[in-house]
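[1] Predicted structure and sequence below. I'll ask about it afterward.
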Amino acid sequence: MWAAYAASIFGTYLAFDAFPLIAILVLDAGPAAVSALAAAGLAAGALVAIPLGPWVEFRRKRPVMIAMDLVRAIALLSVPVAVWAGWLTFAHLVVVSVIVAACGIAFRAASGAYLKWLVPPGELLRANARFESTLWTATVLGPPLGGAAIGVFGPAVTVLANAASFALSALGLGAIRGEEPAPAAAGEARAATGREVRPPAA
């Protein structure tokens, strides 16, 4: 799981500035359009955070994480393909930004619960420290390396690398051994909390 996280987080920060640059260089977007593109992911997060919580709660976490990685990989892969084919539109970039943001929220919700199952309680502090140090290393190294890669290869290549990082993350998560227990049913959750909890639609 740590290796999967490292792959995806480095890919994310490697392509940190790629979408705005693609909007400017490929689509000749102005400041307002670039700002709207940056805000699209945040807006999506605000809209989907509440319904995604219950959806994740009543499902096994590893399949959710793998699915979110694969959806992000496919969505991101569509961007360089569209750039090289001459099909890219601003709406395409916005949709991909929203998909990636929504999948990221679901992934983080599932990963926290899954880590608690995967790692013994006495090792959680060490595990979280490793994830945190990996995050900050990617934050420091990713953008400058991504900027260099954009200067040499163009922004579409860094988006392709980001898509590959999510595919690698999905492979890493799939390699984890051990069968995750089934999540609590709605009735069990209601009994435990004293309130009604409705399972999400399939």
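    Nice, thanks for sending it over. Note that the coordinates shown come from a computational prediction; the quantities given were computed from them, not determined experimentally.

[2] now G45: how far from A182?
    G45 sits 28 Å away from A182, going by Cβ to Cβ, to the nearest Å. (Glycine included, C-beta is placed from N, CA and C.)

[3] Neighbour count for these two, which is higher?
    The residue with more neighbours, out of G45 and A182, is G45; 15 against 9, by other Cβ atoms under 10 Å.

[4] mind checking which helix or strand L77 is in?
    Here L77, judged by DSSP states H and E, is contained in helix 61-85.

[5] Looking at that helix now, give me its mean pLDDT.
    Looking at helix 61-85 alone, the average pLDDT works out to 94.

[6] what's whichever strand or helix holds A163 packed up against?
    Element membership of A163, judged by DSSP H and E, is helix 155-174. Packing partners of helix 155-174 (3 or more Cβ pairs under 8 Å, 6 or more residues apart in numbering; DSSP states H and E): helix 2-14, helix 18-25, helix 61-85, helix 124-153.

[7] want to try TSV for these, with mean neighbour count and distance to L115 as columns?
    Output for the helices and strands packed on helix 155-174, formatted as TSV (neighbours: other Cβ atoms under 10 Å; distance: least, Cβ to Cβ, whole Å):
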stretch	mean neighbour count	distance to L115
helix 2-14	21	10
helix 18-25	20	29
helix 61-85	20	9
helix 124-153	14	6
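
[8] Mind putting those into CSV with distance to L37?
    Putting these into CSV (distance: least, Cβ to Cβ, whole Å) gives the following:
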stretch, distance to L37
helix 2-14, 16
helix 18-25, 6
helix 61-85, 12
helix 124-153, 16
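
[9] Looking at the ones you listed, spot the one closest to S97.
    Taking Cβ to Cβ, helix 18-25 is the member of the helices and strands packed on helix 155-174 nearest to S97, at 6.4 Å.

[10] Relative to the whole chain's centre, how far out is the helix or strand that the closest one is followed by?
    With elements assigned by DSSP H and E, the helix or strand that comes after helix 18-25 is helix 31-57. Centre-to-centre, helix 31-57 and its host chain are 12 Å apart (Cα atoms, centre = their mean, to the nearest Å).

[11] Next, the angle helix 18-25 makes with helix 31-57.
    150 degrees (axes from the mean of the first three to the mean of the last three Cα atoms, to 10 degrees).

[12] Could you check helix 31-57 and say which residues are buried?
    33-34, 36-37, 40-41, 44, 48, 52, 54-57 (16 or more other Cβ atoms under 10 Å).

[13] How about stretch 112-124?
    Of all the residues in stretch 112-124, those buried under the rule 16+ other Cβ under 10 Å are A113, Y114, L115, L118, V119.

[14] Please report how far the third one lies from R108.
    Just to be clear, that refers to L115. Computed as Cβ to Cβ, the L115 to R108 distance reads 11 Å.

[15] mind listing what I9 touches?
    I9 is in contact with T134, L135, A138, G142, counting by Cβ atoms under 8 Å, 6 or more residues apart in numbering.

[16] Now do stretch 115-132: everything it contacts.
    Outside stretch 115-132, the residues within contact range by Cβ under 8 Å, 6+ apart are M1, W2, Y5, K61, I176, G178, E180, P181.
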